[in-house]
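Peer 1: Provided below are the primary sequence and the corresponding predicted coordinates.
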Amino acid sequence: MVKTSELTIAAIFAALTGIAAQFQMPVEIVPISLQTLFVLCAGGILGKKGGLSMIIYLFIGLIGVPVFAGSKGGVGVIMGPTGGYLIGFIFAAYVVGILIEKKKNILISMIIGTFVIYIFGVPWLCFFVGTVKKAFLVGMLPFIPGDLIKSFGACLITKEVRKYYSLE
């Protein structure tokens, strides 16, 4: 059962993820954005229910609200080169949430969540760029340093917020 407060916070994280998507730098096919920071925080703060916030985010984008990077929305974005990453957001927030609920190291949980996004995004990207090597080179390798920084930031935010908001 989802409490009203959890649903409210999930909606807030969906909104924050949409806002963060607008802070992006176009790089070849996959843009660099702040989205993953809030994906990871959603799992860290809401636990496995963090996945719900990303379901809300994707639903809002699917119906055409321009919440995806570059102020885009609609089914075409999900079906495009970055669709795998967006779908991976749901699973990343969920996995981070499970790890946090099991009292695992928060930073390691965030890094694992980041790689969950890659697990969905890179193979999907292969369909658009033609090879695994190219997908890795344009859809993962350039993002690792920034994603590690965002994982660290999500860890700090999660620790601070969890002083005031508990999963129990």
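Peer 2: Perfect, I can see it now. Numbering: from 1, shown residues only.
Peer 1: so where's the protein uncertain?
Peer 2: Along the chain, the parts satisfying pLDDT under 70 run over 167-168.
Peer 1: rerun at 90
Peer 2: Along the chain, segments meeting pLDDT under 90 span 1-3, 5-6, 24-32, 70, 103-104, 162-168.
Peer 1: show me where it has strands.
Peer 2: Taking DSSP state E as the test, the strands found in the chain are 24-25, 32-33.
Peer 1: Tell me which of those strands is the most buried.
Peer 2: Counting by mean count of other Cβ atoms under 10 Å, strand 32-33 has the highest mean neighbour count of those, with a mean of 20. (C-beta placed from N, C-alpha, C; glycine too.)
Peer 1: ok, and what's touching it?
Peer 2: Outside strand 32-33, the residues that touch it by Cβ atoms under 8 Å, 6 or more residues apart in numbering are Ala20, Ala21, Gln22, Phe23, Gln24, Met25, Ala69, Pro142, Phe143, Gly146.
Peer 1: can you check stretch 111-130 too?
Peer 2: Outside stretch 111-130, the residues that touch it by Cβ under 8 Å, 6+ apart are 29-30, 36, 39-40, 43, 80-85, 87-89, 91-93, 95-96, 99, 132, 134-136, 138-140, 147-148, 150-151.
Peer 1: Let me have the strands of the chain in JSON lines, extended by distance to Leu16.
Peer 2: Output for the strands of the chain, formatted as JSON lines (distance: least, Cβ to Cβ, whole Å):
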{"stretch": "strand 24-25", "distance to Leu16": "14"}
{"stretch": "strand 32-33", "distance to Leu16": "12"}
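Peer 1: Buried residues in stretch 145-154, which are they?
Peer 2: Buried positions in stretch 145-154, judged by neighbour count with 16 or more other Cβ atoms under 10 Å: Gly146, Asp147, Lys150, Ser151, Gly153, Ala154.
Peer 1: hang on, the earlier thing: mind checking which of the contacts of stretch 111-130 land in helices?
Peer 2: Here DSSP state H is the test, and those give 36, 39-40, 43, 83-85, 87-89, 91-93, 95-96, 99, 132, 134-136, 138-139, 147-148, 150-151 as lying in helices.
Peer 1: Can you flag the buried ones in the residues you listed?
Peer 2: When neighbours are counted using 16+ other Cβ under 10 Å, the ones in helices among the contacts of stretch 111-130 contain these buried positions: 36, 39-40, 43, 83-85, 87-89, 91-93, 95-96, 99, 135, 138-139, 147, 150-151.
Peer 1: and Ile108, how many residues sit next to it?
Peer 2: Ile108 is flanked by 12 other residues according to other Cβ atoms under 10 Å.
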